[in-house]
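Undergrad: need the 3D shape of this:
(chains A, B, C and D)
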There are 2 protein chains.
Amino acid sequence: MMTPGPSGTEHLRRQNTALVLRSLRSEGAATRTELARRTGLAKATIGTIVAELGTGGAISEDQSAPSGRGRPGRPVTLTGESIIGLGFEVNVDYLAAVALDLGGNDRISTIREVSGDGPPSVDELIALATEIRDSLVADGHSIVGATVAVPGLVEHDNRTIAWAPNLGWDDVDLATQLETAFGENCPTMVDNDANCAALAEASHGVSTDVQNSLYITGTVGIGAGIVHDGRLLRGGAGFAGEVGHMPIGDESSVCGCGRTGCWEASVGLRAMLRSVGMQEGETPLSTALAVAERASREQPVRDALAGLGTSLGIGLATLATVIDPSVIVLGGYFVPLGEYVVPAANGVLEARLPAADKHLPEIRLSSLGIHAAALGAAEGALAGVYAGAVSI
Amino acid sequence: MMTPGPSGTEHLRRQNTALVLRSLRSEGAATRTELARRTGLAKATIGTIVAELGTGGAISEDQSAPSGRGRPGRPVTLTGESIIGLGFEVNVDYLAAVALDLGGNDRISTIREVSGDGPPSVDELIALATEIRDSLVADGHSIVGATVAVPGLVEHDNRTIAWAPNLGWDDVDLATQLETAFGENCPTMVDNDANCAALAEASHGVSTDVQNSLYITGTVGIGAGIVHDGRLLRGGAGFAGEVGHMPIGDESSVCGCGRTGCWEASVGLRAMLRSVGMQEGETPLSTALAVAERASREQPVRDALAGLGTSLGIGLATLATVIDPSVIVLGGYFVPLGEYVVPAANGVLEARLPAADKHLPEIRLSSLGIHAAALGAAEGALAGVYAGAVSI
DNA sequence: TTGACTTAATTCACGACTCGTACTAAACCT
DNA sequence: AGGTTTAGTACGAGTCGTGAATTAAGTCAA
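TA: Model prediction:
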């Protein structure tokens, strides 16, 4: 049921160090005394931890802070410039990379279009990853880990891609390939892109204020990332969140997977375009922008989008009934169309949720854009530090 | 995102003590040397922990064990006779109580029919609870906690009933009422009955071998308990698992909640009876036994139950797509009808799950019967001990 | 029966950790 | 200048886990 390993005293120190780091991140810079109050640790303990963190380059000390009586405190700030987590996203038409330091600043944030046609190759990803890593290492940064977000199913060990139809990278042990490419010790993980985006919204986006959130990706397919009690819900085999194929849609609409009645056959990009009678553009986002532009002028388009919102709401109501998120974040193509689909979706939630009068999840629109998945991947790479699993 | 408190050295000891306890429970009795190997702790540490556990009455020591060469080890067994977790279940027509010791033996297991008609009163529960507690305390047992399972929504703090239509116990702060009734320090929690049953199956039932399971209650209503990574999934407000009202059923069937299309309007007890053309009996279980008896003789009944299995399968496929359980446990009235509904449900899972060829959840039938919820509640009361949160 | 051998459990000295108290440092106020 | 107030540090005490050495308790062979 639960199996953390044995704990020695140095584990205790990592735990408390992580506690200080989390406090600095979530509640901002503070003096040692203030940190002692926030964490409940003794002042002496805070002193040694902060000193250690200082030599490790995780924090910087602002000079003095005049405030009323007494000796002024010296607030420590979580800059962590030299401590970096790497995040990558592999998508059909681009590669994205984000380098996030402990302070939460993205020191690198890149999108690289894929050269030829067809999805990128593993070699292209490795080239991008090693290039970025090398430049960071050359600048004296120390990298604590890397995560790659992919559109597909990832094994539960977070190392191997089980099934990624859009990339054709089936059964690729991506984590090991990258680790050997990096040469040095740089623990690497692979995760689903929706999971990563959900983590990004929960740590840097619009759902930072809650512990339970549900992120919905909206492109041609529909995926979900579920954050429960601050942690990703991955499921027994790592395949949780493939909500696009929930059998709750119209039985007459055929899904790309060959089945009928899949949710994404009703609310995916193609279904949306069919309902408004428009053609697909360059990217899901540009397509949605074009639709939003027409919706601002034409009532029938607005009506069609409200219908889409209803279908969306039915799926969201199903999901909310099961996992009870505090916040639902809509991403991808739903963002530009938010004002047209969210009211209808909200109406369905109010009508269908068993505990609607007690508690209703709040629908919000993603604010992170195309970097979401890579940012969440980088955050995931840093997670071990904040959890006390990794020492710095 | 994560907020465990500060850790001192005594916390470390509790952590490692809990590690030993878990090892003893899940892998059985062992000598100190064997425990050191299993947990990774030093032999000296195991020695002191075992000694402490011995004086606390959690373990007992079998005398010697002749096995080949060398000094024979003295296996320690997790009897924990004096350390008790209490579990209660409040249902419409009965109260159940289970007293579970650390060794996993239920020392008391009682069902009490409710006297008058209508659901039991809070006073009846308190009477039963204090009676059982007093008799255990009189026998020298020490009670580490109590949990009450109720059919309804429980606030996220696990203390207050938010909504229990079948009991009429809305907005009752049951935890505080029981704690004051107990007098002494006996931390008490309240939880949903499906959650408790899920925990029971995961700790003593048919899903002990996996970390991710989904339990489905089948009575007039349908509920779910979700165990993810060995822990209950409760959701942002504690309302997760109200799957009976997922909007995935037949739009023409009216649910008891007044809506249409709820899953339980298609697979609840009443819907099942309608499909086979039979009347409701005394209890859901006796009703299902009568149906199973007729199904063993009449093909039309079997056909109707297969149809029910298909509806069941659609809901299970929806759930499995979202949370990816390794095992699905069917409880309540589904148990006697298992052989008639499971094959159809399995067929739907195979046809509908996106990753069906990679991984398919296994449907199993509950083995714990009517005590399931109370047993899980007792297990939940002991959970703090195994997690290292409570010292003994 | 005796003595070598093997394995289990305990003892002990050591290092790492946290904590509380006493002490020093650095400001402001009168 | 001297007092006051608050921040940070130094230090000893107590707890914990660890590894090596030691003791305990059997088997096995002669």
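Undergrad: tell me the buried residues in the longest helix belonging to chain A?
TA: Determined from DSSP state H, the single longest helix within chain A is helix A:299-323. Neighbour counts over helix A:299-323 (16 or more other Cβ atoms under 10 Å in any protein chain shown) mark A:301-302, A:304-323 as buried. (C-beta placed from N, C-alpha, C; glycine too.)
Undergrad: also near DNA strand D: which of those residues, exactly?
TA: Among the buried residues of helix A:299-323, no residue is within reach of DNA strand D (Cβ under 7 Å from any atom of the strand).
Undergrad: show me what the strand or helix carrying residue A:23 is packed against.
TA: According to DSSP states H and E, residue A:23 maps onto helix A:9-27. Packing partners of helix A:9-27 (3 or more Cβ pairs under 8 Å, 6 or more residues apart in numbering or on different chains; DSSP states H and E): helix A:32-39, helix A:43-55, helix A:372-387, helix B:9-27.
Undergrad: give me the contact list for it.
TA: Identification of contacts with helix A:9-27 by Cβ atoms under 8 Å, 6 or more residues apart in numbering or on different chains yields A:30, A:35, A:38-39, A:41, A:45-46, A:49-50, A:52-53, A:58-59, A:76-78, A:102-104, A:385-391, B:1-7, B:9, B:11-12.
Undergrad: out of those residues, which are close to DNA strand C?
TA: Filtering these for neighbours of DNA strand C using Cβ under 7 Å from any atom of the strand leaves A:41, A:45, A:49, B:6, B:7, B:9.
Undergrad: for the fourth one, which residues are in contact?
TA: In this structure, residue B:6 makes contact with A:16, A:19, A:39, A:40, A:41, judged by Cβ under 8 Å, 6+ apart.
Undergrad: tell me the pLDDT of the closest residue to it other than its chain neighbours.
TA: Spatial nearest neighbour of residue B:6, excluding adjacent residues (Cβ to Cβ, 6 or more residues apart in numbering or on different chains): residue A:40 at 4.2 Å. Per-residue confidence at residue A:40 stands at 95 (pLDDT).
Undergrad: rewinding a little: from the ones next to DNA strand C among the contacts of helix A:9-27, which shows the smallest pLDDT?
TA: Lowest pLDDT among these: residue B:6, 76.
Undergrad: residue contacts, residue A:369?
TA: No contacts exist for residue A:369 under Cβ under 8 Å, 6+ apart.
Undergrad: quick one: it and residue B:202, what's the gap?
TA: 40 Å (Cβ to Cβ, to the nearest Å).
Undergrad: poorly predicted segments of chain A, please.
TA: By pLDDT under 70, the weakly predicted segments of chain A are A:1-4, A:64-66.
Undergrad: looking at chain A, which residue is nearest DNA strand D?
TA: Of all residues in chain A, residue A:70 sits closest to DNA strand D, at 2.1 Å by Cβ to the nearest atom of the strand.
Undergrad: helix/strand/coil for residue A:345?
TA: Put simply, residue A:345 is helix when judged by DSSP: H, G, I helix; E, B strand; the rest coil.
Undergrad: from residue A:295, how far out is the nearest residue to it once chain neighbours are set aside?
TA: Using Cβ to Cβ, 6+ apart and skipping residues adjacent in sequence, the residue nearest residue A:345 is residue A:313, 3.7 Å away. According to Cβ to Cβ, residue A:313 stands 18 Å off from residue A:295.
Undergrad: mind listing the helices for the stretch 51-200 of chain A?
TA: Listed in chain order, the helices of the stretch 51-200 of chain A (DSSP state H, counting those that start in this stretch) span A:122-138, A:174-182, A:193-204.
Undergrad: got the CA positions of stretch A:74-86 in PDB?
TA: Output in PDB follows, covering the C-alpha atoms of stretch A:74-86 (Å, rounded to 0.1, in the frame of the first residue of the first chain):
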ATOM      1  CA  ARG A  74      18.300  39.800   6.000                       C
ATOM      2  CA  PRO A  75      15.700  38.200   3.700                       C
ATOM      3  CA  VAL A  76      16.800  35.300   1.700                       C
ATOM      4  CA  THR A  77      15.400  35.000  -1.800                       C
ATOM      5  CA  LEU A  78      15.000  31.800  -3.800                       C
ATOM      6  CA  THR A  79      17.000  32.700  -6.900                       C
ATOM      7  CA  GLY A  80      18.500  29.300  -7.500                       C
ATOM      8  CA  GLU A  81      20.000  30.500 -10.700                       C
ATOM      9  CA  SER A  82      22.500  27.700 -11.000                       C
ATOM     10  CA  ILE A  83      20.000  24.900 -10.300                       C
ATOM     11  CA  ILE A  84      18.100  24.000 -13.400                       C
ATOM     12  CA  GLY A  85      15.400  21.600 -14.400                       C
ATOM     13  CA  LEU A  86      15.000  20.900 -18.100                       C
END
